[in-house]
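Chemist: quick one, structure for this:
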Amino acid sequence: EVQLVESGGGLVQAGGSLRLSCTYSGITAHDYAIAWFRQAPGKEREGVSAINRSSGRTYYTDPVKGRFAVSSDNAKNTVYLQMNDLKPEDTGVYYCAAALGVVIVDDFRLWDYSSWGQGTQVTVSS
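Modeler: All right, here's what the predicted structure looks like:
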């Protein structure tokens, strides 16, 4: 069973930084991707960033390009999301998710991701 656990959320002022962590277990596939999504109140869940764990290639959606950076620690089975220059519109619940097999990572299609964490709240005050 694949399990993912997020941590690192919190309250931060605009312009500040946070680093989220996603520790996962149970993945035996050679090809897989770990992605970050977020959901603001009253809005649909949207993709933020992803990393293809077999190629190491990273992906970002336009709202976060240049501000967020995704990385991984193979030894710890952990993916990080470093978020800099945070804005109030970055507020939401951040989820990490795993897609097994070959997927088109930069499409950020929710249905590609079969396993999800419980989410961590990020609140950016103005």
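
Chemist: so Y95 sits right up against R38, yeah?
Modeler: Yes - at 7.1 Å, Y95 and R38 qualify as touching, with contact defined as Cβ atoms under 8 Å. For glycine as for every other residue, the C-beta is placed from the backbone atoms N, C-alpha and C.

Chemist: which residues are in contact with both of those two?
Modeler: Counting by Cβ atoms under 8 Å, 6 or more residues apart in numbering, the common neighbours of Y95 and R38 are R45.

Chemist: pull up the gap between T91 and V12, please.
Modeler: 10 Å (Cβ to Cβ, to the nearest Å).

Chemist: any common contacting residues for these two?
Modeler: Common neighbours of T91 and V12 (Cβ under 8 Å, 6+ apart) are 122-124.

Chemist: list only those of these flagged as buried.
Modeler: Buried members of the shared contacts of T91 and V12, scored by 16 or more other Cβ atoms under 10 Å, are 122, 124.

Chemist: quick check, nearest of the shared contacts of T91 and V12 to G66?
Modeler: Checking the shared contacts of T91 and V12 against G66 with Cβ to Cβ, the nearest one is V124 at 16.5 Å.
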